[in-house]
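Novice: Turn this into a structure:
(one chain, ligands or ions: 1)
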Amino acid sequence: MAIVFLVGIGSKAWYAGHSTHSYTLWSFAVLVGLNMLYFAATTNRAAQKGGLLVVVGLLFTYLIASGGESNTGPLWFYVFPPLLFYLTNLKAGTAMLLFCFLLAVIVFQFPELPFVTAEYSMDFKIRFFATLIFESIFCFVLEAGRLRARGRLIELAQNHEYAARTDELTGLSNRRDMLNRLAGEFSRYQRSGHHFSIALIDLDLFKTINDRFGHDAGDDVLRRFSDLIKNVIRQTDIAARWGGEEFLVLLPDTSLLQALTLAERLRAEVADTRFESGKSHIPVTISAGVCSIANANTLDDLLKQADINLYSAKEAGRNQIAPRVRSREQKGAWSAT
Ligand SMILES: Nc1nc2c(ncn2[C@@H]2O[C@H](COP(=O)(O)OP(=O)(O)OP(=O)(O)O)[C@@H](O)[C@H]2O)c(=O)[nH]1
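Specialist: Okay, here's the model as predicted:
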(Lines give C-alpha, C1' and ligand atoms only; values in the text may rest on other atoms or scores of the structure.)
Protein backbone atom coordinates (compact mmCIF):
# COMPACT_ATOMS: atom_id res chain seq x y z
CA MET A 1 0.00 0.00 0.00
CA ALA A 2 2.88 2.38 0.88
CA ILE A 3 4.38 1.78 -2.57
CA VAL A 4 1.08 2.61 -4.30
CA PHE A 5 0.82 5.83 -2.29
CA LEU A 6 4.40 6.88 -2.98
CA VAL A 7 4.18 6.13 -6.70
CA GLY A 8 0.78 7.86 -6.95
CA ILE A 9 1.82 11.04 -5.13
CA GLY A 10 5.16 11.05 -6.97
CA SER A 11 3.30 10.88 -10.30
CA LYS A 12 1.02 13.71 -9.26
CA ALA A 13 4.08 15.82 -8.40
CA TRP A 14 5.56 14.89 -11.82
CA TYR A 15 2.52 16.19 -13.67
CA ALA A 16 2.56 19.32 -11.49
CA GLY A 17 6.14 19.96 -12.70
CA HIS A 18 7.90 19.10 -9.37
CA SER A 19 10.28 16.55 -10.86
CA THR A 20 12.79 16.49 -7.94
CA HIS A 21 9.99 15.81 -5.51
CA SER A 22 8.57 13.03 -7.66
CA TYR A 23 12.02 11.40 -8.16
CA THR A 24 12.55 11.43 -4.40
CA LEU A 25 9.16 9.84 -3.69
CA TRP A 26 9.75 7.16 -6.36
CA SER A 27 13.15 6.43 -4.79
CA PHE A 28 11.44 5.88 -1.45
CA ALA A 29 8.95 3.56 -3.19
CA VAL A 30 11.93 1.55 -4.51
CA LEU A 31 13.45 1.41 -1.00
CA VAL A 32 10.16 0.11 0.44
CA GLY A 33 10.03 -2.47 -2.40
CA LEU A 34 13.61 -3.60 -1.68
CA ASN A 35 12.73 -3.91 1.99
CA MET A 36 9.81 -6.22 1.10
CA LEU A 37 12.00 -8.30 -1.22
CA TYR A 38 14.58 -8.63 1.56
CA PHE A 39 11.88 -9.94 3.89
CA ALA A 40 10.61 -12.38 1.25
CA ALA A 41 14.17 -13.74 0.84
CA THR A 42 15.20 -13.90 4.51
CA THR A 43 11.91 -13.88 6.50
CA ASN A 44 13.82 -11.78 9.01
CA ARG A 45 10.90 -9.81 10.48
CA ALA A 46 13.01 -7.69 12.89
CA ALA A 47 15.39 -6.51 10.14
CA GLN A 48 12.44 -5.78 7.85
CA LYS A 49 10.71 -3.67 10.50
CA GLY A 50 13.96 -1.85 11.32
CA GLY A 51 14.59 -1.13 7.62
CA LEU A 52 11.05 0.12 7.12
CA LEU A 53 11.32 2.45 10.10
CA VAL A 54 14.57 3.95 8.76
CA VAL A 55 12.96 4.49 5.34
CA VAL A 56 9.83 6.04 6.86
CA GLY A 57 11.95 8.26 9.17
CA LEU A 58 14.01 9.52 6.23
CA LEU A 59 10.88 10.10 4.16
CA PHE A 60 9.20 12.20 6.83
CA THR A 61 12.39 14.21 7.48
CA TYR A 62 12.52 14.91 3.75
CA LEU A 63 8.85 15.92 3.64
CA ILE A 64 9.25 18.32 6.57
CA ALA A 65 12.55 19.75 5.33
CA SER A 66 11.36 20.20 1.74
CA GLY A 67 7.76 21.02 2.58
CA GLY A 68 6.62 18.59 -0.12
CA GLU A 69 4.08 20.12 -2.47
CA SER A 70 2.69 23.51 -1.38
CA ASN A 71 4.29 23.08 2.06
CA THR A 72 1.88 20.24 2.92
CA GLY A 73 4.65 17.65 3.57
CA PRO A 74 4.47 17.84 7.40
CA LEU A 75 0.87 16.59 7.25
CA TRP A 76 2.25 13.11 6.57
CA PHE A 77 3.87 13.22 9.99
CA TYR A 78 0.49 12.34 11.51
CA VAL A 79 0.77 8.84 10.06
CA PHE A 80 3.90 8.24 12.09
CA PRO A 81 2.62 7.72 15.72
CA PRO A 82 0.17 4.85 14.97
CA LEU A 83 2.60 3.33 12.46
CA LEU A 84 5.47 3.36 14.96
CA PHE A 85 3.42 1.74 17.73
CA TYR A 86 2.14 -0.83 15.23
CA LEU A 87 5.62 -1.73 13.97
CA THR A 88 7.47 -1.67 17.31
CA ASN A 89 6.42 -1.80 20.95
CA LEU A 90 5.37 0.93 23.35
CA LYS A 91 8.91 1.65 24.59
CA ALA A 92 10.67 1.61 21.21
CA GLY A 93 7.75 3.46 19.58
CA THR A 94 7.90 6.24 22.18
CA ALA A 95 11.69 6.55 21.82
CA MET A 96 11.41 6.77 18.03
CA LEU A 97 8.59 9.31 18.24
CA LEU A 98 10.73 11.50 20.49
CA PHE A 99 13.54 11.17 17.94
CA CYS A 100 11.18 12.29 15.16
CA PHE A 101 10.04 15.26 17.25
CA LEU A 102 13.71 16.18 17.64
CA LEU A 103 14.19 16.01 13.85
CA ALA A 104 11.15 18.23 13.34
CA VAL A 105 12.44 20.70 15.94
CA ILE A 106 15.82 20.84 14.18
CA VAL A 107 14.19 21.45 10.80
CA PHE A 108 11.88 24.15 12.22
CA GLN A 109 14.55 25.85 14.33
CA PHE A 110 17.36 25.88 11.79
CA PRO A 111 15.89 26.84 8.39
CA GLU A 112 19.40 27.81 7.24
CA LEU A 113 20.54 24.12 7.23
CA PRO A 114 21.51 23.07 3.67
CA PHE A 115 18.83 20.36 3.29
CA VAL A 116 15.99 22.56 4.66
CA THR A 117 14.19 24.39 1.85
CA ALA A 118 10.73 24.89 3.37
CA GLU A 119 9.67 27.78 5.53
CA TYR A 120 6.85 27.58 8.06
CA SER A 121 5.09 30.29 10.03
CA MET A 122 5.33 30.32 13.82
CA ASP A 123 1.56 29.66 14.05
CA PHE A 124 1.93 26.57 11.86
CA LYS A 125 4.85 25.25 13.94
CA ILE A 126 2.98 25.68 17.25
CA ARG A 127 -0.19 24.04 15.93
CA PHE A 128 1.80 21.27 14.25
CA PHE A 129 3.53 20.30 17.51
CA ALA A 130 0.40 20.70 19.65
CA THR A 131 -1.72 18.46 17.42
CA LEU A 132 1.07 15.94 16.95
CA ILE A 133 1.71 15.68 20.70
CA PHE A 134 -2.04 15.20 21.25
CA GLU A 135 -2.17 12.48 18.60
CA SER A 136 0.93 10.74 19.98
CA ILE A 137 -0.43 10.64 23.54
CA PHE A 138 -3.76 9.36 22.24
CA CYS A 139 -2.04 6.62 20.21
CA PHE A 140 0.10 5.67 23.22
CA VAL A 141 -2.95 5.33 25.49
CA LEU A 142 -4.86 3.32 22.86
CA GLU A 143 -1.92 1.01 22.22
CA ALA A 144 -1.34 0.49 25.96
CA GLY A 145 -5.05 -0.37 26.33
CA ARG A 146 -4.89 -2.73 23.38
CA LEU A 147 -1.86 -4.52 24.83
CA ARG A 148 -3.53 -4.82 28.25
CA ALA A 149 -6.67 -6.30 26.68
CA ARG A 150 -4.59 -8.66 24.57
CA GLY A 151 -2.66 -9.87 27.64
CA ARG A 152 -5.92 -10.42 29.50
CA LEU A 153 -7.38 -12.39 26.57
CA ILE A 154 -4.30 -14.59 26.34
CA GLU A 155 -4.49 -15.24 30.09
CA LEU A 156 -8.20 -16.11 29.82
CA ALA A 157 -7.58 -18.45 26.89
CA GLN A 158 -4.78 -20.17 28.82
CA ASN A 159 -7.00 -20.56 31.90
CA HIS A 160 -9.81 -22.03 29.77
CA GLU A 161 -7.42 -24.35 28.01
CA TYR A 162 -6.00 -25.51 31.38
CA ALA A 163 -9.50 -26.00 32.85
CA ALA A 164 -10.60 -28.00 29.79
CA ARG A 165 -7.86 -30.57 30.29
CA THR A 166 -7.46 -30.65 34.08
CA ASP A 167 -9.41 -32.39 36.81
CA GLU A 168 -10.50 -29.72 39.28
CA LEU A 169 -10.26 -31.82 42.45
CA THR A 170 -6.84 -33.39 41.95
CA GLY A 171 -5.05 -31.11 39.47
CA LEU A 172 -4.25 -34.17 37.32
CA SER A 173 -5.21 -34.46 33.64
CA ASN A 174 -8.85 -35.25 33.08
CA ARG A 175 -10.24 -38.10 31.00
CA ARG A 176 -10.51 -35.98 27.82
CA ASP A 177 -6.88 -34.87 28.04
CA MET A 178 -5.75 -38.43 28.69
CA LEU A 179 -7.68 -39.71 25.65
CA ASN A 180 -5.86 -37.13 23.50
CA ARG A 181 -2.51 -38.09 24.93
CA LEU A 182 -3.22 -41.80 24.49
CA ALA A 183 -4.10 -41.14 20.83
CA GLY A 184 -0.85 -39.18 20.40
CA GLU A 185 1.23 -41.90 22.04
CA PHE A 186 -0.47 -44.58 19.93
CA SER A 187 0.37 -42.67 16.71
CA ARG A 188 3.98 -42.34 17.91
CA TYR A 189 4.02 -46.11 18.52
CA GLN A 190 2.67 -46.76 15.00
CA ARG A 191 5.22 -44.39 13.44
CA SER A 192 8.34 -45.31 15.34
CA GLY A 193 7.53 -48.54 17.22
CA HIS A 194 8.15 -46.94 20.65
CA HIS A 195 6.34 -49.13 23.16
CA PHE A 196 4.25 -47.71 25.96
CA SER A 197 2.18 -49.07 28.82
CA ILE A 198 -0.74 -47.99 30.95
CA ALA A 199 -1.80 -48.65 34.52
CA LEU A 200 -5.48 -48.41 35.42
CA ILE A 201 -5.68 -47.81 39.18
CA ASP A 202 -8.71 -47.97 41.45
CA LEU A 203 -8.95 -47.07 45.14
CA ASP A 204 -10.25 -50.10 47.01
CA LEU A 205 -13.64 -50.00 48.71
CA PHE A 206 -13.87 -46.28 48.27
CA LYS A 207 -17.59 -46.27 48.87
CA THR A 208 -16.92 -47.54 52.41
CA ILE A 209 -14.43 -44.69 52.95
CA ASN A 210 -17.07 -42.16 51.90
CA ASP A 211 -19.72 -43.84 54.02
CA ARG A 212 -17.54 -44.09 57.15
CA PHE A 213 -15.59 -40.82 57.02
CA GLY A 214 -17.71 -38.57 54.85
CA HIS A 215 -17.46 -37.25 51.31
CA ASP A 216 -14.97 -34.49 52.21
CA ALA A 217 -12.60 -37.03 53.72
CA GLY A 218 -13.04 -39.08 50.52
CA ASP A 219 -12.10 -36.03 48.43
CA ASP A 220 -9.06 -35.52 50.64
CA VAL A 221 -7.96 -39.11 50.03
CA LEU A 222 -8.31 -38.59 46.26
CA ARG A 223 -6.14 -35.45 46.46
CA ARG A 224 -3.45 -37.08 48.62
CA PHE A 225 -3.38 -40.14 46.40
CA SER A 226 -2.91 -37.88 43.36
CA ASP A 227 0.07 -36.24 45.06
CA LEU A 228 1.54 -39.70 45.69
CA ILE A 229 1.20 -40.60 42.00
CA LYS A 230 2.92 -37.34 40.98
CA ASN A 231 5.85 -38.21 43.26
CA VAL A 232 6.22 -41.76 41.97
CA ILE A 233 5.93 -41.29 38.19
CA ARG A 234 8.59 -39.81 35.89
CA GLN A 235 8.25 -36.38 34.32
CA THR A 236 7.45 -37.94 30.95
CA ASP A 237 4.64 -40.09 32.43
CA ILE A 238 1.13 -38.68 32.57
CA ALA A 239 -1.43 -39.35 35.27
CA ALA A 240 -5.12 -38.64 34.87
CA ARG A 241 -8.26 -38.98 36.90
CA TRP A 242 -10.10 -41.40 34.68
CA GLY A 243 -13.36 -41.03 36.60
CA GLY A 244 -14.59 -41.20 40.24
CA GLU A 245 -11.95 -43.08 42.20
CA GLU A 246 -10.25 -44.49 39.08
CA PHE A 247 -6.94 -43.20 37.74
CA LEU A 248 -4.98 -43.93 34.57
CA VAL A 249 -1.23 -43.54 34.19
CA LEU A 250 0.34 -43.40 30.73
CA LEU A 251 3.94 -44.59 30.70
CA PRO A 252 5.77 -43.78 27.43
CA ASP A 253 8.78 -45.89 26.45
CA THR A 254 7.92 -48.39 29.19
CA SER A 255 7.65 -52.17 28.90
CA LEU A 256 5.05 -54.26 30.72
CA LEU A 257 7.57 -55.32 33.36
CA GLN A 258 8.73 -51.78 33.99
CA ALA A 259 5.10 -50.66 34.27
CA LEU A 260 4.37 -53.47 36.73
CA THR A 261 7.36 -52.37 38.81
CA LEU A 262 6.07 -48.82 38.94
CA ALA A 263 2.52 -49.91 39.78
CA GLU A 264 3.83 -52.13 42.55
CA ARG A 265 5.91 -49.26 43.96
CA LEU A 266 2.82 -47.06 43.99
CA ARG A 267 0.72 -49.81 45.62
CA ALA A 268 3.34 -50.26 48.40
CA GLU A 269 3.64 -46.48 48.86
CA VAL A 270 -0.14 -46.12 49.33
CA ALA A 271 -0.27 -49.08 51.72
CA ASP A 272 2.55 -47.53 53.77
CA THR A 273 1.04 -44.03 53.84
CA ARG A 274 -1.08 -42.98 56.76
CA PHE A 275 -4.32 -41.34 55.61
CA GLU A 276 -6.27 -39.56 58.32
CA SER A 277 -9.62 -37.91 58.89
CA GLY A 278 -9.44 -35.90 62.08
CA LYS A 279 -7.88 -38.37 64.49
CA SER A 280 -9.17 -41.47 62.71
CA HIS A 281 -7.00 -43.57 60.45
CA ILE A 282 -8.46 -44.20 56.97
CA PRO A 283 -7.39 -47.54 55.53
CA VAL A 284 -6.48 -46.88 51.88
CA THR A 285 -5.21 -49.42 49.38
CA ILE A 286 -5.24 -49.57 45.59
CA SER A 287 -5.60 -52.20 42.91
CA ALA A 288 -4.24 -51.75 39.38
CA GLY A 289 -4.51 -53.42 36.00
CA VAL A 290 -1.43 -52.94 33.82
CA CYS A 291 -1.13 -53.49 30.09
CA SER A 292 1.46 -52.81 27.39
CA ILE A 293 0.70 -51.83 23.82
CA ALA A 294 2.79 -54.88 22.85
CA ASN A 295 -0.15 -56.99 24.09
CA ALA A 296 -2.90 -55.05 22.28
CA ASN A 297 -3.78 -54.20 18.71
CA THR A 298 -5.68 -50.98 19.28
CA LEU A 299 -6.15 -48.35 21.99
CA ASP A 300 -9.57 -49.82 22.78
CA ASP A 301 -7.94 -53.21 23.20
CA LEU A 302 -5.32 -51.75 25.50
CA LEU A 303 -7.90 -50.05 27.74
CA LYS A 304 -10.12 -53.16 27.78
CA GLN A 305 -7.18 -55.39 28.72
CA ALA A 306 -6.11 -53.02 31.53
CA ASP A 307 -9.72 -53.04 32.79
CA ILE A 308 -9.84 -56.84 32.73
CA ASN A 309 -6.55 -56.96 34.66
CA LEU A 310 -7.89 -54.44 37.20
CA TYR A 311 -10.97 -56.60 37.64
CA SER A 312 -8.84 -59.69 38.30
CA ALA A 313 -6.74 -57.73 40.85
CA LYS A 314 -10.00 -56.87 42.66
CA GLU A 315 -11.21 -60.46 42.38
CA ALA A 316 -7.95 -61.71 43.82
CA GLY A 317 -8.59 -59.74 47.02
CA ARG A 318 -7.61 -56.08 46.22
CA ASN A 319 -4.42 -54.24 47.25
CA GLN A 320 -2.64 -55.86 44.34
CA ILE A 321 -1.49 -55.49 40.75
CA ALA A 322 -2.44 -57.60 37.73
CA PRO A 323 -1.21 -59.39 35.73
CA ARG A 324 0.18 -61.26 38.71
CA VAL A 325 3.92 -60.89 39.22
CA ARG A 326 6.70 -62.66 41.00
CA SER A 327 9.86 -61.04 42.20
CA ARG A 328 13.25 -61.81 40.60
CA GLU A 329 16.58 -61.83 42.48
CA GLN A 330 17.06 -58.13 41.65
CA LYS A 331 15.22 -56.02 44.16
CA GLY A 332 12.42 -54.00 42.61
CA ALA A 333 12.29 -55.88 39.27
CA TRP A 334 9.25 -57.97 38.40
CA SER A 335 8.23 -60.50 35.82
CA ALA A 336 4.75 -61.46 34.67
CA THR A 337 3.49 -64.92 35.51
N1 LIG B 1 -15.48 -38.41 47.86
C2 LIG B 1 -15.64 -38.69 46.58
N3 LIG B 1 -16.16 -39.88 46.21
C4 LIG B 1 -16.30 -40.18 44.92
C5 LIG B 1 -15.92 -39.29 43.93
N6 LIG B 1 -16.15 -39.86 42.71
C7 LIG B 1 -16.68 -41.07 42.95
N8 LIG B 1 -16.78 -41.29 44.31
C9 LIG B 1 -17.32 -42.43 45.02
O10 LIG B 1 -16.49 -43.56 44.82
C11 LIG B 1 -17.30 -44.72 45.15
C12 LIG B 1 -16.92 -45.84 44.22
O13 LIG B 1 -17.61 -46.95 44.71
P14 LIG B 1 -17.68 -48.33 43.93
O15 LIG B 1 -17.64 -48.09 42.45
O16 LIG B 1 -18.84 -49.08 44.48
O17 LIG B 1 -16.34 -49.06 44.26
P18 LIG B 1 -15.54 -49.27 45.60
O19 LIG B 1 -16.35 -48.98 46.83
O20 LIG B 1 -14.27 -48.48 45.48
O21 LIG B 1 -15.23 -50.79 45.57
P22 LIG B 1 -14.17 -51.56 44.67
O23 LIG B 1 -13.91 -50.68 43.46
O24 LIG B 1 -14.81 -52.83 44.30
O25 LIG B 1 -12.97 -51.73 45.50
C26 LIG B 1 -18.76 -44.28 45.04
O27 LIG B 1 -19.33 -44.28 46.31
C28 LIG B 1 -18.67 -42.85 44.49
O29 LIG B 1 -19.68 -42.02 45.03
C30 LIG B 1 -15.39 -38.01 44.33
O31 LIG B 1 -15.05 -37.15 43.53
N32 LIG B 1 -15.27 -37.77 45.65
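
Novice: any idea how far whatever residue of the chain ends up closest to the ligand lies from Val54?
Specialist: Minimum separation of the chain from the ligand (CB to the nearest ligand atom) falls at Gly218, amounting to 2.6 Å. Heads up, the C-betas are built off the backbone N, CA and C, glycines and all. Distance of Gly218 to Val54, given as CB to CB, to the nearest Å: 67 Å.

Novice: More neighbours: those two, which one.
Specialist: Neighbour tally, Gly218 and Val54, criterion other CB atoms under 10 Å: the higher count belongs to Gly218, 21 against 12.

Novice: And for that one, nearest residue in space, chain neighbours not counted?
Specialist: Counting by CB to CB, 6 or more residues apart in numbering, Asn210 is the residue found nearest to Gly218 once chain neighbours are left out, at 4.2 Å.

Novice: The one you found: how many residues sit nearby?
Specialist: For Asn210, using other CB under 10 Å, the count is 16.

Novice: what helix or strand is it on?
Specialist: helix 206-213 (DSSP states H and E).

Novice: buried set for the following helix or strand past that helix?
Specialist: Of the helices and strands lying after helix 206-213 in sequence (DSSP H and E), the nearest is helix 215-232. By 16 or more other CB atoms under 10 Å, the buried positions in helix 215-232 come out as Ala217, Gly218, Asp220, Val221, Leu222, Arg224, Phe225, Ser226, Leu228, Ile229, Val232.

Novice: likewise stretch 265-284?
Specialist: Leu266, Arg267, Val270, Phe275, Ser277, Ile282, Val284.

Novice: out of everything not next to it in sequence, what's closest to Arg212?
Specialist: Closest to Arg212 by CB to CB, 6+ apart is Ile282, at 8.0 Å.

Novice: Low-confidence stretches in the stretch 201-337 of the chain?
Specialist: Applying pLDDT under 70 to the stretch 201-337 of the chain flags residues 325-337.

Novice: Could you tell me which residues of it lie near the ligand?
Specialist: Neighbours of the ligand within the stretch 201-337 of the chain, by CB under 6 Å from any ligand atom: 202-208, 210, 215, 218-219, 222, 244-245, 314, 318.

Novice: and Arg111, how many neighbours?
Specialist: One correction, residue 111 is Pro, not Arg. Neighbours around Pro111, by other CB under 10 Å: 12.

Novice: quick one: contacts for it?
Specialist: By CB atoms under 8 Å, 6 or more residues apart in numbering, the contact list for Pro111 reads Ala118, Glu119.

Novice: That one falls within a helix, correct?
Specialist: No - judged by DSSP: H, G, I helix; E, B strand; the rest coil, Pro111 forms no part of a helix; its state is coil.

Novice: Could I get the phi/psi values of it?
Specialist: Dihedral angles phi and psi of Pro111 (degrees, to the nearest 10) take the values phi -70, psi -10.

Novice: quick revisit: so the residue nearest to Arg212 is in contact with Asn210, correct?
Specialist: No - with contact defined as CB atoms under 8 Å, Ile282 does not reach Asn210; the gap is 10.4 Å.

Novice: Now do the same for Val55: its pLDDT.
Specialist: pLDDT for Val55: 84.
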